[in-house]
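K.L.:
Generate a structure from the sequence data that follows.
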Amino acid sequence: MGHLQLPPGKKIAVNLGTDFDSQCLWLGAFNRPTPSSMSRGEFGAEVGVPRLLSLYKRYDVRTTWFTPGHTVDTFPEWCKKVLDDGHEFGHHGYYHENPTLISGETERRLVDLAFSTFKNVLGIRPVGYRSPYWDYSESTLDILEDSGLIYDTSLMGRDFHPYHPQRWQVRWEQGNVAGRASRILEVPVSWYLDDFPPLAYTGSSIGMQDSDTIYRRWKDIFDYAYRNETNPVFATCVHPQIIGQAHHMLWYEKLVDYISGHEGVWFATIEEIARAWVDDETDEAKFALPDVRGVEPAPADSGWA
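P.N.:
Alright, predicted model coming up:
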């Protein structure tokens, strides 16, 4: 596997990723177009975003904002402020759709629609993607490659080190077969480093957990990477409508302060991290594997057929 070529004097790359989903989170993820749900998304834009921009500016941190096209169309002025502050935008679907529940044709159309919005509203074209559902359809990787993207950050095959995602032929009564790797670089995500599952109230998830518990978890994960890994990436994910709440901003600022107090920390965008990656012979060999893929139907007697 290749390696991350950090800038001189740097020991760890840190990306404080921000998923600016706003109102469309409650559309694509929950199908709740209600006034209360829309108000939560509005809070993210009108309250959470300025609080985060202020925090990042105080610590001289540049981040990556994975933002659905719907958010850019709905809150263009806040998106322009994010861009003006020097942050990167990443592709995050259009209305926070679930790629595994829609056709490949629809998925491609929505990816293109979001690209058009970024161009028309912000004058940019993102070079990276985060799946709204942190999952792929059978079409996703093909669509990302066809779109000319250089990185993805949706999968979980590693924790602290980027890698090139492979297609898999999934079988039930034989071992799975690894197929050709993509030249798109995967910067892995982790549900343990996402603020939404433990802190958001959805009516069906646990949510609303103790803030100190999440602070200690994220701090512990950073400490492990800093002490034990070579040239690691510590990549987190926050949502303005969640982390932007006053009590969460307190622990998040404490975490940013703690990380920034370590020698050799490189606060970077995911694009900067992706462009610092160096492939090796192992990567090249995976690029040359046969293009096998697909999922076998569940056996009739599996209980899942």
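K.L.:
Just the buried residues of the helix ranked longest in the chain, please?
P.N.:
When the chain is parsed with DSSP state H, its longest helix is helix 211-228. By 16 or more other CB atoms under 10 Å, the buried positions in helix 211-228 come out as S211, I214, Y215, W218, I221, F222, A225, Y226. No exception for glycine: its C-beta is placed from N, CA and C like everyone else's.
K.L.:
Go through these and name the one nearest N31.
P.N.:
Lowest distance from N31 to those (CB to CB) belongs to I214, with 27.2 Å.
K.L.:
Helix, strand, or coil at the closest residue to the closest one other than its chain neighbours?
P.N.:
Sequence neighbours aside, P198 is the residue nearest to I214 in space, at 5.6 Å (criterion: CB to CB, 6 or more residues apart in numbering). Secondary structure, DSSP: H, G, I helix; E, B strand; the rest coil: P198 is helix.
K.L.:
Settle this for me: P198 is touching S211, isn't it.
P.N.:
No: applying CB atoms under 8 Å as the test, P198 and S211 come out as separate, 9.4 Å apart.
K.L.:
Contacts only, for the residue nearest to I214.
P.N.:
Taking CB atoms under 8 Å, 6 or more residues apart in numbering, we find P198 in contact with I206, G207, Q209, T213, I214.
K.L.:
could you dump those residues to JSON lines with pLDDT and distance to E107?
P.N.:
Converted to JSON lines, these look like this (pLDDT from 0 to 100; distance: CB to CB, whole Å):
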{"residue": "I206", "pLDDT": "72", "distance to E107": "30"}
{"residue": "G207", "pLDDT": "77", "distance to E107": "28"}
{"residue": "Q209", "pLDDT": "90", "distance to E107": "33"}
{"residue": "T213", "pLDDT": "95", "distance to E107": "36"}
{"residue": "I214", "pLDDT": "97", "distance to E107": "32"}
